[in-house]
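Engineer: turn this into a model:
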Amino acid sequence: MASILKVDTITGVATAGSIAVTGEGNSTTTNLQQGLAKVWISVTSTVSIHDSLNTSSGTDHGTGDYSYNLTNAFTTINGYSQTTAVFTTAAGATCTRNSGRDAAAIIAVEVSNAAGTLADDSLNTTAHGDLA
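Structural biologist: Here you go, the predicted structure:
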């Protein structure tokens, strides 16, 4: 028989912000909060945010060079892992983290075409880490 759990808040017993979830095979646990994406952004070929989580606005620094302000910052500039993908039909396009512009409260990316030249294109970004 299926169960339905309806709650507004889940709080850990030992530590309010720490909930262990039993992993596959029932032999390990993982921390629920550590596994959640803290930021995700879906962007059109300009800096315009199509949809997002924990993102307040974006800045266009020029062709293929964007940054996005976070509503809630990460603990440090190195306190998160970012995965970004270009949403394009052009073969060979890439998107990388721009370490020259990013910060604990800013996700920064550069989009390049197959020739390695900065180019405007749509992208999706997700970041995992510890929020401040």
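
Engineer: ok, residue 118 touching residue 64?
Structural biologist: Yes. Between residue 118 and residue 64 there is a contact under CB atoms under 8 Å: 3.2 Å. All C-beta atoms are positioned from the backbone trio N, CA, C, and that covers glycine.

Engineer: more neighbours: those two, which one.
Structural biologist: residue 64 (22 against 14; other CB atoms under 10 Å).

Engineer: my read: that one touches residue 116, true?
Structural biologist: No. Counting by CB under 8 Å, residue 64 stays clear of residue 116, with 10.7 Å between them.

Engineer: how much space separates residue 39 from residue 49?
Structural biologist: Using CB to CB, to the nearest Å, residue 39 is found at 12 Å from residue 49.

Engineer: and those two? Which one has more around it.
Structural biologist: residue 39 (22 against 15).

Engineer: now that one: phi and psi?
Structural biologist: phi -150, psi 140 (degrees, to the nearest 10).

Engineer: how about residue 123?
Structural biologist: phi -150, psi 160.
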